[in-house]
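Participant: Sequence first, predicted coordinates after that:
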Amino acid sequence: MSIDVRPADSGRPVPRPLPDLALPGLPADFVWGTATSAYQIEGAVDIDGRTPSIWDTFSHTPGVIDNDDHGDVACDHYHRMPQDVRLLADLGLDAYRFSLSWPRVQPGGRGPANEKGLDFYDRLVDELLAKGITPWATLYHWDLPQELEDAGGWPERDTAHRFADYAELVAGRLGDRVRHWITLNEPFCSAILGYHIGCHAPGRKDFRAAVRAVHHLHLAHGLAVQRIRSAVPTPVQVGITFNPSQVYAASDSAADLDAARRADGMGARIYLDPVLRGQYPPDVVEDLAQLDVGVPVEAGDLDVIAQPLDFLGINYYLSDVVAAGDEPGLTTRVPQPDRPVTAMSWEIHPQGLTDLLTRIGRDYPGTPVYITENGAAFDDSVYGTGAGGRIEDIDRTVYLAEHLAAVGRAREAGADVRGFFAWSLMDNFEWAYGYDKRFGIVHVDYATQRRTPKQSALWLRDAANAHRGR
Ligand code: FCB
């Protein structure tokens, strides 16, 4: 089938055919899902006892978010949840990954649960289960209660203990029905973007603090795994979601190879190794020591951090080709002009996902992997209005198909990948980029809050059905 769309910003030729539904390598029991996160969709930021998170504070700081957008209303999912679950049911996917807002569940990040906040997630879980959709709950997708940031945030060890208490509150309430738990989403972003680069909340620029944050996020994860396992009856599946860099050296020169080693160390192994191997990579610790930066490990921490996991979540969007920087110890990312890009200017490189999954299967064997996020922002064309409105997002559809095919290739090469969650169920607040960047497979008209499934959503539905042999 061939359809006409306006030239998309990937610069690829149009019209282009819809991708084939048959994706070699994906088994009949592969899990097909979509994902969202609380601050990006819920809105209702000061309702039913919720207190501010670092993202409320950050997004209301003038000039830090495109268009000065914020999540006050977002997709108004807090008020439209039942309709959104009906939408999910219409797509017929197996699973839905959502996150809980910590300051909605435990305002201020300490003390007893806010029952009204928990009630919302309780209803969400019931709605999902009633429609045959498996809930996958992420405990932390970046919205730290502001009070905990005021007390020092993730660079402070105590924040890990606060997180463990919060995890227990949630698991105690939802654990009779939620079987799939993700402790943290992308601790790289929480630590490095939040405390070093400063482009994410809380917007600090302090590398030492960021490295402390990395360790305390790991500790928070390990403590939370223990609490979840004691609060939730078996069988329970507990994991964590990382976004490890897939790094390639720009050349075979010793300097570029060392740059790739360092980029891989700080972008992948500093997360994967403590959690899956119970140790920080010695070369990374040495690189940090040369910068006079220490990892604040205390006795017994690594045993807590390396809890056995039921699965590893991987988020993948792009890969990195790196070269040595101008000064010793610096690396630089080398753009690849032959690769098409998304509206984020992120280079499209599905083979990077195959390579990443193959490498994880080889270097960290024994833990099943789920792709907990993959997707793309494009400037969608909207054809027609009303219920019949169509969004023919061929670029996003092809992106998803190419990455699902990349997962299939990794499986054929031996990687144990068991599912795929498209980011995102619907257009939403894309952090520092605000609402202009649309990742949804469902379009959101923010003026009316009308949802319209895009062609990518219908293609994903059909691909999932084709693989289940329905
Ligand atoms: C990931 C985030 C997710 C979304 C996508 C585009 O890093 O986990 O919330 O912003 O990027």
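Facilitator: Received, thanks. Numbers count the residues shown, from 1 in each chain.
Participant: Could you use CA atoms for every contact and neighbour count after this?
Facilitator: Fine.
Participant: wait, is D264 part of a helix?
Facilitator: Yes - with DSSP: H, G, I helix; E, B strand; the rest coil as the criterion, D264 is part of a helix.
Participant: isn't it right next to A249, touching?
Facilitator: No - the pair D264 / A249 is not scored as a contact, 10.1 Å apart, by Cα atoms under 8 Å.
Participant: ok, and for the longest helix along the chain, which residues are buried?
Facilitator: For the chain, the helix with the greatest residue count under DSSP state H is helix 207-231. Neighbour counts over helix 207-231 (16 or more other Cα atoms under 10 Å) mark 208-229, 231 as buried.
Participant: I'd like the distance from it to the chain centre, please.
Facilitator: 17 Å (Cα atoms, centre = their mean, to the nearest Å).
Participant: can you tell me the average pLDDT over it?
Facilitator: Helix 207-231 carries an average pLDDT of 98.
Participant: Show me what it is packed against.
Facilitator: On a contact count with 3 or more Cα pairs under 8 Å, 6 or more residues apart in numbering; DSSP states H and E, helix 207-231 meets helix 158-174, strand 180-185, helix 187-188, strand 237-242, helix 270-277, helix 301-305.
Participant: try 7 Å
Facilitator: Where contact means 3 or more Cα pairs under 7 Å, 6 or more residues apart in numbering; DSSP states H and E, helix 207-231 is packed against helix 158-174, strand 180-185, helix 301-305.
Participant: Turn these into a markdown table, including mean pLDDT and distance to L312.
Facilitator: A markdown table is the format used below for the helices and strands packed on helix 207-231 (pLDDT from 0 to 100; distance: least, Cα to Cα, whole Å):
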| stretch | mean pLDDT | distance to L312 |
| --- | --- | --- |
| helix 158-174 | 98 | 18 |
| strand 180-185 | 99 | 9 |
| helix 301-305 | 99 | 14 |
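Participant: Of the ones you listed, give the one that comes closest to D122.
Facilitator: The closest of these to D122 is helix 158-174. By Cα to Cα, the value is 6.5 Å.
Participant: which residues sit against that closest one?
Facilitator: For helix 158-174, the surrounding residues in contact (Cα atoms under 7 Å, 6 or more residues apart in numbering) are 106, 109-110, 113, 122, 139, 148, 153, 216-217, 219-220, 223-224, 227-228, 231-232.
Participant: how near is the residue nearest to A201 when sequence neighbours are not counted to R204?
Facilitator: Distances taken as Cα to Cα, 6 or more residues apart in numbering put G194 closest to A201, at 5.0 Å, once the chain neighbours are dropped. Using Cα to Cα, to the nearest Å, one gets 6 Å for the distance from G194 to R204.
Participant: try R162
Facilitator: Between R162 and R204 the computed distance is 21 Å (Cα to Cα).
Participant: With G33 instead?
Facilitator: Note on G33: its distance to R204, by Cα to Cα, is 34 Å.
Participant: Repeat that for G71.
Facilitator: Distance of G71 to R204, given as Cα to Cα: 20 Å.
Participant: more crowded one of those two?
Facilitator: More neighbours surround G71 than the other of G71 and R204, with 25 against 18 (other Cα atoms under 10 Å).
Participant: helix, strand or coil for that one?
Facilitator: Per three-state DSSP, the local secondary structure of G71 is coil.
Participant: OK, contacts around the nearest residue to A35 once chain neighbours are set aside?
Facilitator: Spatial nearest neighbour of A35, excluding adjacent residues (Cα to Cα, 6+ apart): R97 at 4.5 Å. Applying Cα under 7 Å, 6+ apart, we find R97 in contact with 34-36, 135-137.
Participant: Now with 8 Å, please.
Facilitator: Residues near R97 by Cα atoms under 8 Å, 6 or more residues apart in numbering: 33-36, 135-138, 372, 421.
Participant: next one: I394
Facilitator: Per Cα under 8 Å, 6+ apart, neighbours of I394: 5, 16, 18, 455-456.
Participant: so after the lowest-mean-pLDDT helix or strand in the chain, what's the next helix or strand?
Facilitator: Least confident element among the helices and strands of the chain, by mean pLDDT, DSSP states H and E: strand 2-3 (a mean of 32). Moving toward the C-terminus from strand 2-3, the next helix or strand (DSSP states H and E) is strand 16-17.
Participant: Parallel or antiparallel, which strands does that next one pair with?
Facilitator: According to DSSP bridges, strand 16-17 forms sheet pairs with strand 2-3 (antiparallel).
Participant: Mind pulling up the pLDDT for the nearest residue to G71 once chain neighbours are set aside?
Facilitator: Spatial nearest neighbour of G71, excluding adjacent residues (Cα to Cα, 6+ apart): G43 at 5.6 Å. G43 carries a pLDDT value of 99.
Participant: And R12, by the same measure?
Facilitator: The model reports R12 with a pLDDT of 47.
Participant: Count the residues that sit near the nearest residue to H77 once chain neighbours are set aside.
Facilitator: Nearest residue to H77 in three dimensions, chain neighbours excluded: E42, at 4.4 Å (Cα to Cα, 6+ apart). Neighbours of E42 under the rule other Cα under 10 Å: 24.
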